[in-house]
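K.L.:
how would this look folded up:
(2 chains)
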Amino acid sequence: MSSISEPIRGRVYVLEDNIDTDLIIPAEYLNLVPTIPEEYHKLGSYAMAGLPVSFPPFTDKETGKTPYAIMIAGRNFGCGSSREHAPICLGAAGVKAVVAQSYARIFFRNAIATGEVYPLESTERLCDIFKTGDEAEIAADLSTIKDSGGTVHQLKPVGAVAPVIEAGGIFGYARKTGMIGN
Amino acid sequence: MKATLTEKIMARAANRDSVKPGENIWINVDILLTHDVCGPGTIGVFERELGENAQVWDRNKVVIIPDHYIFTADEKAHRNINILRDFVKRQNLPYYYDPGTRDYQGVCHVALPQLGHVRPGEVIFGTDSHTCTHGALGAFATGIGNTDAGFVLGTGKLLVKVPETLRFNLTGSLPQGVTAKDIILRIIGDIGVDGANYCAMEFLGEAVTSLSIEERMTICNMAIEAGGKNGIMNPDEKALEYVRKRTDKPFEPLFADADAPVAAEYNYDVSEFEPCVAAPHLPSNYKPASQCQDIKIDRAYIGSCTGGKIEDFIMAAQILKGRKVKVPTFLVPATVEVAEGLLTEKVGGKALVEVFAAAECEDIAPPSCAACLGGPIDTFGRTSGNEVVISTTNRNFIGRMGSKDSQIYLASPFTAAASAVNGYISDPRAFFAANI
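P.N.:
Numbering: from 1, shown residues only, chains lettered A, B, ... in the order given. Presented below is the predicted three-dimensional model:
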């Protein structure tokens, strides 16, 4: 089991199934390069900019940050493109973890490789239980999420990727295991 | 031991006799592909992690094909091309296809095989989800993000999970007017947009071998729309000949065991398939075109790595020959080679460009990804309102072609062209019955 230094506490933003990468970060913003610091922050301000206008705003227009530390979703979160801008814009906006029933492979991999957000899997359909704005707490061992009523919901073990998460991403893992030099 | 094609390629790339689905292994990479949207970030990761003076692991294995934001006034898009140019110069990379020069190619997934960079049995990673296209020539090919690509750039290796394989046995022969696009949209409709999540999609059978190489690419290209890690096909003589014509480099093809253990097996007789669309807003929203004929369209779009190859334009021209379109019809050849083919290939004795001009299509755009993924505001064909579009591209997510209010129906070139002629979604078989 993986673990982080302290629990993740904050408000949740709730979405359903098949949240695709065009909703997370529309292609018109892919001219921004995530490794250029000011463009990294700009990407954060555009997080979830592809959602229809009927959804609650995700980021604060003035700060470019999100008041939601945790994203809750249904199945197949992050389907579509390989754009790493997707997990990066969430991380840059201030999201710490996504808790979904399942992930599209490339999003999951990019989230782990970059260390930008923890892609955690729920055992229940939490998007039917949580409402946007609810407070929640993810345990430091990443095994559970507690809702505002105090009910604890189990998360799936992170499994084989735990060492990569603990190392902070693919480069950290490769250094730790001696694949590449320090 | 019996193995799928993906398992065999991965085992060889890991210097092992065999691998099992679920294992995490380091594999050696034969080709790393990147473009203008993810290349600058990949270079950024590479230099941040390995140092500004780090050298790429093998300059002959890095292929950079700018294609996304080429014909735009967007300053950052231009800046990004300059980042690529600077890196290519510093690293002395031989395989860079610079916009604005005679080296420019266009859409990377059509250009990569055309240029001989796709070889059977090899491992290809690309910073684009449609890298899975290249499984059509018997390679293991999949999309990765900038960080993984930066890692590959420095080391030539990547840690990957061996995927389970879903085997699709395709038998029978396609009826007239039905295409590879209809095959893959039907499969995605059946298994769903996450039906192949993490899995290899292996396509075998006589209905695959009877397809042209470009049509095979259309199928593998959309494996990602079912969540697939890769799409893959055995490289038969047709595939080997395609590759040998385009490269002198040696390669050793591998072949799937048709009776290898797999996670699931699907059997289809494609002679029962019909022209179809994927309705908004998921590629899995399968509907026979014949059941959508009351849907009025505002434009048609023929282009992209999925539907902008020369055979896609030949199919469209077979319908458009001697007819006129009722809605604006946007044509974007995927690559320069395709654009040249529009001048030389003929339907009914006329060059494709003449057929399209006589049909009153919009002026043909220069090769690039264009409006397939929306892009900068001034992108050719980008939607800006509540347009209903029939498109030969690969995704119909909300906002995919620009506007959040537009509706995208994915279809084959036959169906898109037939719909353009009628102004409503149309079953192209009616045009064949009328002796096109």
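
K.L.:
for chain B, what are the low-confidence residue spans?
P.N.:
B:435-436 (pLDDT under 70).

K.L.:
How is it divided into domains?
P.N.:
B:7-162, B:163-247+B:263-273, B:277-433 (automatic domain parsing).

K.L.:
What degree of burial does whatever residue of chain A ends up closest to chain B show, as a neighbour count?
P.N.:
Among the residues of chain A, A:T35 lies closest to chain B, at 2.7 Å counting by Cβ to the nearest Cβ. Glycine gets a C-beta too; all of them are placed from N, C-alpha and C. Look at A:T35: counted by other Cβ atoms under 10 Å in any protein chain shown, it has 21 neighbours.

K.L.:
and it, what element?
P.N.:
Under DSSP states H and E, no helix or strand contains A:T35.

K.L.:
TSV for the domains of chain B, including mean neighbour count and distance to chain A?
P.N.:
Putting these into TSV (neighbours: other Cβ atoms under 10 Å in any protein chain shown; distance: least, Cβ to the nearest Cβ, whole Å) gives the following:
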stretch	mean neighbour count	distance to chain A
domain B:7-162	22	3
domain B:163-247+B:263-273	22	4
domain B:277-433	22	4
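
K.L.:
Would you mark the buried spots in the longest strand seen in chain A?
P.N.:
Ranked by residue count and defined by DSSP state E, the top strand of chain A is strand A:8-14. Using 16 or more other Cβ atoms under 10 Å in any protein chain shown as the test for burial, strand A:8-14 gives A:8, A:10-14.

K.L.:
out of those, who's near chain B?
P.N.:
Here nothing survives when these are matched to chain B using Cβ under 8 Å from any Cβ of the partner chain.

K.L.:
quick one: contacts for B:T165?
P.N.:
By Cβ atoms under 8 Å, 6 or more residues apart in numbering or on different chains, the residues touching B:T165 are B:4, B:6-7, B:21, B:199-202, B:260, B:262-263.

K.L.:
The same query, at a cut-off of 6 Å, please.
P.N.:
Residues in contact with B:T165 (Cβ atoms under 6 Å, 6 or more residues apart in numbering or on different chains) are B:4, B:6, B:200, B:202, B:262.

K.L.:
bridging residues for it?
P.N.:
B:A200 (DSSP bridges).

K.L.:
before we move on, what about the one 5 residues further on?
P.N.:
The partner list for B:L170 in beta bridges (DSSP bridges) reads B:Y268.

K.L.:
show me the contacts for it.
P.N.:
Applying Cβ under 6 Å, 6+ apart to B:L170 gives the contacts B:205, B:207-208, B:268, B:270.

K.L.:
Could you rerun that using 8 Å?
P.N.:
B:183, B:203-208, B:268, B:270.

K.L.:
ditto for A:P26
P.N.:
Here A:P26 is in contact with A:46, A:49-50, B:374, B:399 (criterion: Cβ under 8 Å, 6+ apart).

K.L.:
tell me the phi and psi of it?
P.N.:
Per-residue torsions, A:P26: phi -60, psi 150 (degrees, to the nearest 10).

K.L.:
B:A365 now?
P.N.:
phi -80, psi 160.

K.L.:
I'd say it and B:F71 touch.
P.N.:
Yes: contact criterion Cβ atoms under 8 Å: B:A365 and B:F71 qualify, at 7.3 Å.

K.L.:
Pull up the overlap in contacts between the two.
P.N.:
Contacts common to B:A365 and B:F71, judged by Cβ under 8 Å, 6+ apart, are B:F380.

K.L.:
Could you point out the helix or strand that follows the longest strand of chain A?
P.N.:
Sequence order places helix A:21-24 as the next helix or strand after strand A:8-14, per DSSP H and E.

K.L.:
Say whether chain B is contacted by that following helix.
P.N.:
Yes: against chain B, helix A:21-24 shows contacts by Cβ under 8 Å from any Cβ at A:22-23.

K.L.:
ok, and the closest non-adjacent residue to B:T209?
P.N.:
In space, B:T209 comes closest to B:D236 once its chain neighbours are excluded; the distance is 5.4 Å by Cβ to Cβ, 6 or more residues apart in numbering or on different chains.

K.L.:
which residues in chain A form strands?
P.N.:
A:8-14, A:68-72, A:97-100, A:118-121, A:135-138, A:144-146, A:152-154.

K.L.:
Columns mean pLDDT on top of these, output as TSV?
P.N.:
Listed next are the strands of chain A as TSV, based on pLDDT from 0 to 100:
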stretch	mean pLDDT
strand A:8-14	98
strand A:68-72	98
strand A:97-100	98
strand A:118-121	97
strand A:135-138	98
strand A:144-146	98
strand A:152-154	98
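
K.L.:
roughly how far apart are the residue nearest to B:T209 and B:A223?
P.N.:
Distance of B:D236 to B:A223, given as Cβ to Cβ, to the nearest Å: 19 Å.

K.L.:
In which helix or strand does B:E7 reside?
P.N.:
helix B:5-13.

K.L.:
Over to B:I302?
P.N.:
Assessed by DSSP H and E, B:I302 sits inside strand B:299-303.

K.L.:
Next SSE downstream of that strand?
P.N.:
Following strand B:299-303 toward the C-terminus (DSSP H and E): helix B:304-307.

K.L.:
among the helices and strands of chain A, which has the poorest mean pLDDT?
P.N.:
helix A:162-166 (a mean of 87; mean pLDDT, DSSP states H and E).

K.L.:
what helices or strands is that one leaning on?
P.N.:
Where contact means 3 or more Cβ pairs under 8 Å, 6 or more residues apart in numbering or on different chains; DSSP states H and E, helix A:162-166 is packed against helix A:105-114, helix A:170-176.

K.L.:
one more time with 10 Å, if that's ok
P.N.:
helix A:105-114, strand A:118-121, helix A:170-176 (3 or more Cβ pairs under 10 Å, 6 or more residues apart in numbering or on different chains; DSSP states H and E).

K.L.:
Note down every partner strand of the second one and its orientation.
P.N.:
Spelled out, that is strand A:118-121. strand A:97-100 (parallel).

K.L.:
Pull the distance from the partner strand to the chain's centre.
P.N.:
Centroid displacement of strand A:97-100 relative to its chain, using Cα atoms, centre = their mean, to the nearest Å, is 5 Å.
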